[in-house]
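**Q** next input, structure requested:
(chains A and B)
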Amino acid sequence: MNNKVKEEVDHIKVPKEKLHQRIELGVDQAELKDKNKKRKAPKWIIGLVASAMIAAAVWSLGGSSLADAAESLFTQVFVTEETLKEAYPEEEVTSEGMTAIEGQLQILEQNLSEEDFAEFSRLLEEQTEILKGMEDETKINFTDEESEKVEEIQAKMQKIVGDLLD
Amino acid sequence: MQKLVKKARKGDKLAFMALIEEYEDAIYRTAYVYVKNENDALDVAQETAARAFSRISSLKEPEYFKTWLIKITINASIDLLRSKKKIVQLQPEYHESIERQDENIPLSLTLRSLLDDLTEREKGIILLKYYHGHTFTEISTIMEMPAGSIKSVLYRALHKMRYQMKEEDIYEQ
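**A** As a prediction, this is how the structure comes out:
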């Protein structure tokens, strides 16, 4: 059986030229895919960015340049312009602040898996909703319940980023 | 070989092509045993080349390049068959056309039995043992199964092939 199997399998006719072309095509595809892969930031940058996002994310936004940023990643991913205005009616957002947040988000998007980034985004959105609904109209003091929820969300965010840094 | 693998790991396409070229036929024939037609075997070959080029940095021991490549081929073949099964469930007429195509290819009894009568796992083990010439220990590593189970599957596969060939002999007489 030993020789027979080898002999018989060797009889399978190979379309040499086509095969070589397809192998080359496969390598080309893989090469192109590798080139298109997003560049990864060093771990310390990811950690820094994530900490910044987790600690202060939405607070640092503030208000008014939202129209310019309407199409930004932040507004596409997390919240609508209206939601932000509702959440931070008193805040004044500078375009620099918006750009900084935008940059931080892009670093996270590039370094987290699609699934983790989606979950991170969802958590951030959830946090924004809590901020929006804060009982304290000055948006400074949390109630115990709000505080507990925000802490829970932030722990989940830290876990996502922590897994990446492991 | 080691130099080429080293270069390929750094993304050197020419070095990778030089490495894989030697095994193109083995990739195609292995794939063919699983998918049983030229077009799909070519698809598997292309996918194997893509996966191998992307993952060559994970190849720790360059001397096992061929073994590693054949493992990728087997996995790519099984993946293609599974994806086709899903499509076939939606389009039964497609399955019929493939079967008709196969009937037109003259094959020896051994090869026909290898293609038609064995499960994916049995095909893999028969190929690795008798076509690629691997030891039970090597097959055990490639298939991620204990060597004892490999032997049982192999003997069962051989028994099936012999039985099938005898049956067909009787009908042909």
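**Q** residue nearest the centroid of chain B?
**A** Taking CA atoms, centre = their mean, the centroid of chain B lies closest to B:Thr30, which sits 3.5 Å from it.
**Q** secondary structure element for it?
**A** helix B:24-35 (DSSP states H and E).
**Q** next SSE downstream of that helix?
**A** helix B:38-55.
**Q** check which helices and strands the helix or strand harbouring A:Gln21 sits against.
**A** If you go by DSSP H and E, A:Gln21 is part of helix A:16-36. Applying 3 or more CB pairs under 8 Å, 6 or more residues apart in numbering or on different chains; DSSP states H and E, we find helix A:16-36 packed against helix B:13-21, helix B:24-35, helix B:38-55. (C-beta placed from N, C-alpha, C; glycine too.)
**Q** and that helix, C-alpha only, in PDB?
**A** Extracted C-alpha coordinates of helix A:16-36, given in PDB (Å, rounded to 0.1, in the frame of the first residue of the first chain):
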ATOM      1  CA  LYS A  16       2.200  23.500 -13.500                       C
ATOM      2  CA  GLU A  17       1.900  26.900 -15.000                       C
ATOM      3  CA  LYS A  18      -1.500  27.700 -13.500                       C
ATOM      4  CA  LEU A  19      -0.300  26.400 -10.100                       C
ATOM      5  CA  HIS A  20       2.800  28.500 -10.100                       C
ATOM      6  CA  GLN A  21       0.700  31.600 -11.000                       C
ATOM      7  CA  ARG A  22      -1.800  30.900  -8.200                       C
ATOM      8  CA  ILE A  23       1.000  30.400  -5.600                       C
ATOM      9  CA  GLU A  24       2.500  33.700  -6.700                       C
ATOM     10  CA  LEU A  25      -0.900  35.300  -6.500                       C
ATOM     11  CA  GLY A  26      -1.300  34.000  -2.900                       C
ATOM     12  CA  VAL A  27       2.000  35.500  -1.900                       C
ATOM     13  CA  ASP A  28       1.200  38.800  -3.500                       C
ATOM     14  CA  GLN A  29      -2.100  38.900  -1.700                       C
ATOM     15  CA  ALA A  30      -0.400  38.200   1.600                       C
ATOM     16  CA  GLU A  31       2.200  40.800   1.000                       C
ATOM     17  CA  LEU A  32      -0.400  43.400   0.200                       C
ATOM     18  CA  LYS A  33      -2.400  42.500   3.300                       C
ATOM     19  CA  ASP A  34       0.700  42.800   5.500                       C
ATOM     20  CA  LYS A  35       1.500  46.200   4.000                       C
ATOM     21  CA  ASN A  36      -2.000  47.400   4.700                       C
END
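**Q** run the angle between that helix and helix B:13-21 for me.
**A** 140 degrees (axes from the mean of the first three to the mean of the last three CA atoms, to 10 degrees).
**Q** buried ones in helix A:16-36?
**A** A:19-20, A:22-24, A:26-27, A:29-31 (16 or more other CB atoms under 10 Å in any protein chain shown).
**Q** what helices or strands is the strand or helix carrying A:Leu123 leaning on?
**A** For A:Leu123, the enclosing helix or strand under DSSP H and E is helix A:114-132. Contacts defined by 3+ CB pairs under 8 Å, 6+ apart place helix A:114-132 against helix A:81-87, helix A:95-111, helix A:144-165.
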